[in-house]
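Undergrad: below: sequence and its predicted model.
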Amino acid sequence: MAHRPKIAVVGSANIDLTTFTNQFPKPGETIFGQRFDLGFGGKGANQAVAARLCGAEVFMVARVGDDLFGPATIENFRKLGIDTTHVKQIEGLSSGVAPIFVEPNGQNRILVVKGANDALKPADVDAAAETLKAADCIVLQFEIPLETVYYTIQFARRHGIRCILNPAPAQSVELSELKGLDYFVPNESEAETITAQSAKDLADAKKCAQQLLASGVKRVIITLGANGSLLASADGSEHLPPFQVNSVDSSGAGDAFIGSFAVFLGEGVPEREAVRRANLYAALSTTGVGTQKSFYDRARFDDELDARS
């Protein structure tokens, strides 16, 4: 039996408000959307749920608002078996929300309002220190303050804990603060923003990865959507091809990749194979609507993996 990893996610929890539409309104225009879906989301929460569904023991360090979404978010974690000891409500702040607009081809546009996620501070990481020290891997994103991200990376480095950073949503970053980071996992647009280089094709993505590696990051994985992913380290780079699926909604696919990848690595799966499996897990997540609701459980994923091997 594979080792059951312990994954700690220090990150965001949002409510996703997803609208499906054939077109976007012009300024001052009101149009009808096709349908609407409300669900639990946030990059941190999504990654935690993906890791839990893949079989890991998962701990969440997060902040939610004192609105009606806050208690519901905590209860959703509990129902899924995610430890909520370090998920707290913040008085006077809203929970994070993410209005998502999905086009007919499955492409999405997302606007994030961080709310209580912005209240997650380095002191909260210290408060969760004993839980974090027990983790096989700490997972981070950019929907919480950058000072907290940097502090947690330093914490992981001090204690010899594997750390994965998903720099989303894209924003400027002090690359010197990422020195020694185990895995830096942007998509194409995030890689472009951070490196100020194009990542529109595989050759460009490789150049972006080399720039990031030169800053002191140990490994870079650039997720390329329908084109799979690029794995790069000091030993070279390799393109891992995509899996073909009938995609209907790409929301949360990157989070599915991160959460599942952390689990596969924690189980001792070789790095290249862990990326390949995460490619499949992410692709399968696009065959359903929404984020967490579209993620496969481990038994269903293993059946799909066996069928495609």
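TA: Received it, and whenever you're ready, just let me know what you need.

Undergrad: now stretch 88-105 - C-alpha only, CSV.
TA: Taking C-alpha atoms only, stretch 88-105 is exported to CSV below (Å, rounded to 0.1, in the frame of the first residue of the first chain):
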residue,chain,number,x,y,z
LYS,A,88,-10.9,30.8,11.5
GLN,A,89,-13.7,33.3,10.9
ILE,A,90,-12.7,37.0,10.8
GLU,A,91,-15.2,39.4,12.2
GLY,A,92,-16.2,42.3,10.0
LEU,A,93,-14.8,40.8,6.7
SER,A,94,-16.6,39.0,3.9
SER,A,95,-15.5,35.6,2.7
GLY,A,96,-13.6,35.5,-0.5
VAL,A,97,-15.7,35.2,-3.6
ALA,A,98,-14.9,34.4,-7.3
PRO,A,99,-17.3,35.4,-10.0
ILE,A,100,-16.5,33.1,-12.9
PHE,A,101,-17.6,33.5,-16.5
VAL,A,102,-17.4,30.4,-18.8
GLU,A,103,-17.6,30.5,-22.6
PRO,A,104,-19.1,27.7,-24.7
ASN,A,105,-15.6,26.2,-25.4
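
Undergrad: and the gap between the residue most central in space within the chain and residue 215?
TA: Geometric centre of the chain, nearest residue: residue 255, 3.1 Å, by C-alpha atoms, centre = their mean. From residue 255 across to residue 215, the span is 24 Å (C-beta to C-beta, to the nearest Å). Using the backbone N, CA and C atoms, a C-beta is placed for each residue, glycine as well.

Undergrad: how about residue 274?
TA: Residue 274 is 23 Å from residue 215, by C-beta to C-beta.

Undergrad: same check on residue 148?
TA: 20 Å.

Undergrad: and these two? which has more neighbours close in?
TA: residue 148 (22 against 18; other C-beta atoms under 10 Å).

Undergrad: what's the helix or strand bottoming out on mean pLDDT in the chain in contact with?
TA: None of the helices or strands of the chain scores lower by mean pLDDT, DSSP states H and E than strand 108-110, at a mean of 83. Applying C-beta atoms under 8 Å, 6 or more residues apart in numbering, the contact partners of strand 108-110 are 98-103, 169, 249-251.

Undergrad: quick check: nearest residue in space to residue 150, chain neighbours excluded?
TA: residue 177 (4.3 Å; C-beta to C-beta, 6 or more residues apart in numbering).

Undergrad: on the three-state scheme, the one you found is what?
TA: Here residue 177 is recorded as helix under DSSP: H, G, I helix; E, B strand; the rest coil.

Undergrad: isn't it right up against residue 153?
TA: Yes: because the distance of 6.9 Å satisfies C-beta atoms under 8 Å, residue 177 is recorded as touching residue 153.

Undergrad: please identify which of these two sits among more neighbours.
TA: Using other C-beta under 10 Å, the more surrounded residue of residue 177 and residue 153 is residue 153, with 21 against 16.

Undergrad: any stretches of the chain with poor pLDDT?
TA: 1 (pLDDT under 70).

Undergrad: end-to-end on stretch 22-36?
TA: 13 Å (C-alpha to C-alpha, to the nearest Å).

Undergrad: and for stretch 150-170?
TA: 15 Å.

Undergrad: what do you get for stretch 119-129?
TA: 18 Å.

Undergrad: buried residues, that stretch. List them.
TA: For stretch 119-129, burial by neighbour count (16 or more other C-beta atoms under 10 Å) applies to 119-120, 122, 124-125, 128.

Undergrad: next: stretch 132-150.
TA: In stretch 132-150, counting by 16+ other C-beta under 10 Å, buried: 132, 135-145, 148-150.
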